[in-house]
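S.K.: need a structure here:
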Amino acid sequence: MSNVEVDPAAPHRGAAGQGEAAQRVDVLTARDVPLGGPRAMTVRRTLPQRARTLIGAWCFVDHYGPDNVADSGGMDVAPHPHTGLQTVSWLFSGEIEHRDSMGSHALVRPGELNLMTGGYGISHSEVSTTRTTTLHGVQLWVALPEEHRHADRDFRHHVPSPVRLDKAEIRVFLGSLAGDTSPVPTFTPLLGAELVLDPRSTTTLPVDSAFEYGLLVDHGDVRMAGTLLRPAELGYLGTGNDTLTLANETSSPARVVLLGGTPFEEQIVMWWNFIGRDHKDIAEAREAWENASDRFGTVGGYDGDRLPAPALPHATIAPRKNPTPLKGTR
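M.R.: I've put the predicted structure just below:
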């Protein structure tokens, strides 16, 4: 997915419920952002924010749909580049055709992980298929650490089996949760999982106390550690917690995406579809893309032109600051 935003918004803080007052949760509010290209669809973006760039190594959270493709036109993101990151595609409904400069040609379907490693440079396109009537899902990015940010291009596909814990059905697409572990390797400790919570239910998850967590609500009203989150909001919980309690306040199933990881302590420069460490990294990547360098390769099979890079800002692009992770006091 391609990023056209230049000025992320700030978060607001949620108030903890009476039973979980010791666990402070920040509530990040979504903002509408159009995707690039001639048939731009609108997504709801909760990460990055001005005051929070990362949750673990997760650096980008887009949430879209359910969209009637007959009205919205669906997704049509022309070939575009990435550096220094991984893209994670996860659908609730619909189907997306993925093509990349490794030669990968894959379909993204509900409940199936597609993970692409950009590393030093990759390009790809994303187009909803003609079979899609309703498009609904999330697109996530993971920042690569310095040691691996020039890693080789890669593409992985995984179909996690659902597991039950308390009153929740869980699909773990990255990391480990509820006794299940994804076989897909990561460059930093991470967690990514979809949870469907039974109506009017409470589920307590054993979690890694070294992780910070983000909970994106797709539908339903859900309390995270006592703080109420509504659809399209992202709740942030810091390190130091060995359990996480989720309560579905609605009389129908609620769906959430739980993201986590150890705090990412490196500063990053994030601009358009590139992640680097300074302005020079970004400028070199942009120049390589505009000059059709072999760095990004070529995407075959897409009917149309690739996306041009926007102009660089006149000022030097500065690293994005991330606040010190919150710590639990339980």
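
S.K.: ok, Glu169 - how many residues close by?
M.R.: Close neighbours of Glu169, defined as other CB atoms under 10 Å, add up to 16. C-beta here means a position set from N, CA and C on the backbone, and glycine is covered the same way.

S.K.: so what's it up against?
M.R.: By CB atoms under 8 Å, 6 or more residues apart in numbering, the contact list for Glu169 reads 162-163, 195-196.

S.K.: now do the helices in the stretch 51-200 of the chain.
M.R.: Along the stretch 51-200 of the chain, counting by DSSP state H, counting those that start in this stretch, helices occupy 69-72.

S.K.: run through the strands of it in chain order.
M.R.: 58-68, 76-82, 85-93, 96-100, 105-108, 113-117, 122-128, 134-143, 154-158, 163-165, 168-174, 176-177, 180-181, 190-197 (DSSP state E, counting those that start in this stretch).

S.K.: any idea how far the residue nearest to Gly179 when sequence neighbours are not counted lies from Pro189?
M.R.: Counting by CB to CB, 6 or more residues apart in numbering, Val163 is the residue found nearest to Gly179 once chain neighbours are left out, at 6.6 Å. Distance from Val163 to Pro189, counting by CB to CB, to the nearest Å: 20 Å.

S.K.: now swap in Glu97 and tell me
M.R.: Note on Glu97: its distance to Pro189, by CB to CB, is 31 Å.

S.K.: with Gly297 instead?
M.R.: Applying CB to CB, the value for Gly297 to Pro189 is 30 Å.

S.K.: these two: which is more packed in?
M.R.: A direct count of neighbours by other CB under 10 Å for Gly297 and Pro189 places Gly297 higher, at 19 against 16.

S.K.: contact partners for that one?
M.R.: Contact analysis of Gly297 by CB under 8 Å, 6+ apart lists 100-102, 121-123, 153.

S.K.: element containing it?
M.R.: For Gly297, there is no enclosing helix or strand under DSSP states H and E.

S.K.: confidence score at the closest residue to His98 other than its chain neighbours?
M.R.: Once flanking residues are discounted, His98 sits nearest to Ala106: 4.8 Å by CB to CB, 6+ apart. pLDDT, Ala106: 97.

S.K.: equivalent analysis for Gly37, please.
M.R.: 50.

S.K.: and Ala51, by the same measure?
M.R.: Per the predicted model, pLDDT is 76 at Ala51.
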